[in-house]
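S.K.: what follows is a predicted protein model with its sequence.
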Amino acid sequence: MNAPDAAEPVIAADNLSVRFPVHTGLRERLRTGRRQLHAVDGVSLAVRASETVALIGESGSGKSTFGKALLHLETAHAGAIRFHGDDVTAATGDRLRELRRRRQLVFQNPYAAINRRRLIRDVIAEPLRYHQLGRADDRRARVHDLAGLVGLSPEHLDRYPHELSGGQLQRVVIARALALEPEFLVADEPTASLDVSVGAQIVNLFADMRDRFGLALLYISHDLPTVAHLADRIAVMYLGRIVESAPAAELVENPRHPYTQVLLASVPRRDPGHRRTAPARGEVPDAADRPSGCHFRTRCPLAMPVCAEQVPAAQVHGEHMVACHAAT
Ligand SMILES: Nc1ncnc2c1ncn2[C@@H]1O[C@H](COP(=O)(O)OP(=O)(O)OP(=O)(O)O)[C@@H](O)[C@H]1O
């Protein structure tokens, strides 16, 4: 077997789309036909080993749906998912089972991810038992190692979930996700239910685990300051589409899409000379009824007539992509 190519993404989405049916009354269905909500609309994104790509955007922009689609937890309606270059979009059976081992999810609420009636040691051992890995003794030793790795002490293992804090429980979920030595991890707002300082420790733990195991990490968040430190690249999503992506420092220093500028402007800056962009007007439109052309145009301070008529093409300058008619 050839050595893996470091530049080859662990996982890549090519023009991936996910749609959901919109349930409407019979009269409307007869008038307009069956409607669909385009939660993810032609998204292309790749994550390499030891790399963190952050996906940011307001609630409802399709971030979680995209992350789940990469893990085969939502069905892709169009486009492809590649794992180490292989098209795995239609994987089933043993291949899908193997892929499930190699790709894991940590999501927002650790309480919802854990069976409350099991001891912590059994929670962490679940995937090892499910995939029938190792003998009972080996699994016991492995659970101890995993606990140490994520900063839990051996005493935590003989407790029940309700005896642990939110931060400790999120460490349990991370240990469980790492048990099968995945190559790709989706972290979906993993600090959203935690205090700021505990959340910061969890972010550091993700960075540690990424570096130690060479994980490809997709980190989903609506919090730009958090991801600016953690991520190598940031992609900004709005109503199903990536509107801008760039290396993290470049995106923060030189945001080119008005939506990214608005997201950054809502973050307090220490620099007193910093000019604030006007906040985006109004609410995010209904995802089942997106504006024509550029979906952001109804809230955009720079909107022009062309924005209603044409979907902006992706402009690529080096590693910086922006899809906006007004971006120069
Ligand atoms: N199972 C589903 N059935 C129907 N619509 C769905 C389903 N899951 C998500 N949606 C819709 O798809 C759109 C994208 O949702 P998604 O949860 O992916 O966004 P998000 O950016 O992750 O938001 P949040 O930060 O609130 O989780 C939303 O309009 C949501 O209501």
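M.R.: On my side now, so go ahead.
S.K.: who in the stretch 201-328 of the chain is up against the ligand?
M.R.: 222, 287 (CB under 6 Å from any ligand atom). Glycine gets a C-beta too; all of them are placed from N, C-alpha and C.
S.K.: tell me where the stretch 201-328 of the chain has helices.
M.R.: Taking DSSP state H, counting those that start in this stretch as the test, the helices found in the stretch 201-328 of the chain are 224-230, 248-253, 258-265, 305-309.
S.K.: deepest-packed of the ones you listed, please.
M.R.: Stretch with highest mean neighbour count among the helices of the stretch 201-328 of the chain: helix 258-265 (a mean of 22; mean count of other CB atoms under 10 Å).
S.K.: distance between it and the chain's centre?
M.R.: 19 Å (CA atoms, centre = their mean, to the nearest Å).
S.K.: hmm, back to that, now the helices of the stretch 201-328 of the chain in TSV, with mean pLDDT and distance to residue 201?
M.R.: Shown next, in TSV, are the helices of the stretch 201-328 of the chain (pLDDT from 0 to 100; distance: least, CB to CB, whole Å):
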stretch	mean pLDDT	distance to residue 201
helix 224-230	87	12
helix 248-253	95	20
helix 258-265	90	25
helix 305-309	95	42
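S.K.: between those, which one is closest to residue 15.
M.R.: helix 258-265 (20.8 Å; CB to CB).
S.K.: what's the closest one packed up against?
M.R.: strand 233-238, strand 241-247 (3 or more CB pairs under 8 Å, 6 or more residues apart in numbering; DSSP states H and E).
S.K.: what's the longest one in contact with?
M.R.: Spelled out, it's strand 241-247. Residues from elsewhere that reach strand 241-247, judged by CB atoms under 8 Å, 6 or more residues apart in numbering: 41-45, 232-237, 251, 254-257, 259-260, 295-296, 319-324.
S.K.: so for it, mean pLDDT?
M.R.: For strand 241-247, mean pLDDT is 97.
S.K.: that strand to strand 233-238, inter-axis angle?
M.R.: Note on geometry: by axes from the mean of the first three to the mean of the last three CA atoms, to 10 degrees, strand 241-247 and strand 233-238 are set 160 degrees apart in direction.
S.K.: tally of neighbours for residue 164?
M.R.: 18 (other CB atoms under 10 Å).
S.K.: pLDDT wise, what is residue 267 at?
M.R.: 64.
S.K.: would CSV of the helices of the stretch 201-328 of the chain with distance to residue 180 be doable?
M.R.: Below are these laid out as CSV (distance: least, CB to CB, whole Å):
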stretch, distance to residue 180
helix 224-230, 23
helix 248-253, 28
helix 258-265, 34
helix 305-309, 46
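S.K.: and these: which comes nearest residue 202?
M.R.: helix 224-230 (10.0 Å).
S.K.: touching that closest one from outside, list them.
M.R.: 52, 54, 56, 191, 199, 203, 206-207, 219, 221, 234, 248-249, 252, 263-264, 267.
S.K.: related to what we said a few turns ago, how about the helices of the stretch 201-328 of the chain, which one is nearest residue 291?
M.R.: It is, among the helices of the stretch 201-328 of the chain and with distance given as CB to CB, helix 305-309, at 7.2 Å.
S.K.: phi, psi for residue 12 please.
M.R.: Main-chain torsions, residue 12, degrees, to the nearest 10: phi -150, psi 140.
S.K.: hmm, it is touching residue 46, no?
M.R.: Yes. Between residue 12 and residue 46 there is a contact at 3.9 Å, judged by CB atoms under 8 Å.
S.K.: which of these two has more neighbours?
M.R.: residue 12 (21 against 16).
S.K.: quick one: contacts for the residue lying closest to residue 239 once chain neighbours are set aside?
M.R.: Nearest residue to residue 239, sequence neighbours excluded (CB to CB, 6 or more residues apart in numbering): residue 295, at 4.1 Å. Contact analysis of residue 295 by CB under 8 Å, 6+ apart lists 238, 239, 240, 241, 285.
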